[in-house]
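Trainee: Structure for this input, please:
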Amino acid sequence: MELGADREGGHGQACEHQAGRELPPGETAREYNSYCGNYDYDGTNLVTRVDASASNDRIDSEQKRFVQFVGEHMVLTQKPRLWQGVMQHRELIWERVADAPAS
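Mentor: Residues are numbered from 1 along each chain as shown. You can find the predicted model right below:
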């Protein structure tokens with residue numbers, strides 16, 4: 001995940017996929033998600049207005065993530081979702097590597 005601009009908004013991108021060479025037991029497909037767009041952050045929610053995505057059905061949608069800070073990490077969660085018949089709770093733990101260079 002990459003976020004640009006300031007803490008209140010900017011442009012961001014996200015790419016998610018299953019790690020590992022083998023699929024987990026019982027799974028028949030590997031999932032891949034990616035999207036990008038302008039976002040707003042209100043101190044609790046990060047909402048991205050999708051302008052490009054690997055899935056056409058996400059374009060022009062809003063992707064809402066709930067934000068918590070735990071120590072040095074930003075933890076993003078979303079509402080539970082169904083994947084291959086199993087309700088999933090997803091969590092992305094983001095750690096800042098460096099500040100963006102000054103322009």
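Trainee: contacts and neighbour counts: CA atoms only from here.
Mentor: Fine.
Trainee: And residue 56, its phi and psi?
Mentor: Dihedral pair for residue 56: phi -60, psi -30, per degrees, to the nearest 10.
Trainee: go on, residue 57?
Mentor: Residue torsions, per degrees, to the nearest 10, at residue 57 are phi -70, psi -10.
Trainee: May I ask which helix or strand of the chain has the lowest mean pLDDT?
Mentor: Every helix and strand of the chain was ranked by mean pLDDT, DSSP states H and E. The lowest is strand 2-3, at a mean of 58.
Trainee: Now for the nearest residue to residue 37 once chain neighbours are set aside, how many residues are close by?
Mentor: Spatial nearest neighbour of residue 37, excluding adjacent residues (Cα to Cα, 6 or more residues apart in numbering): residue 50 at 4.6 Å. Look at residue 50: counted by other Cα atoms under 10 Å, it has 22 neighbours.
Trainee: Tell me the spacing between residue 50 and residue 88.
Mentor: 22 Å (Cα to Cα, to the nearest Å).
Trainee: do the same with residue 64
Mentor: 16 Å.
Trainee: and those two? which has more neighbours close in?
Mentor: Shown here are residue 64 and residue 88; by other Cα under 10 Å, residue 64 has more neighbours (18 against 13).
Trainee: and the more buried one, bridged to which residues?
Mentor: In this entry, residue 64 is beta-bridged to residue 47, by DSSP bridges.
Trainee: wait, doesn't it sit right on residue 48?
Mentor: Yes - with contact defined as Cα atoms under 8 Å, residue 64 reaches residue 48; the gap is 6.6 Å.
Trainee: what sits against residue 51?
Mentor: If a contact means Cα atoms under 8 Å, 6 or more residues apart in numbering, then residue 51 has 35, 36, 37, 38, 59, 60 as its contacts.
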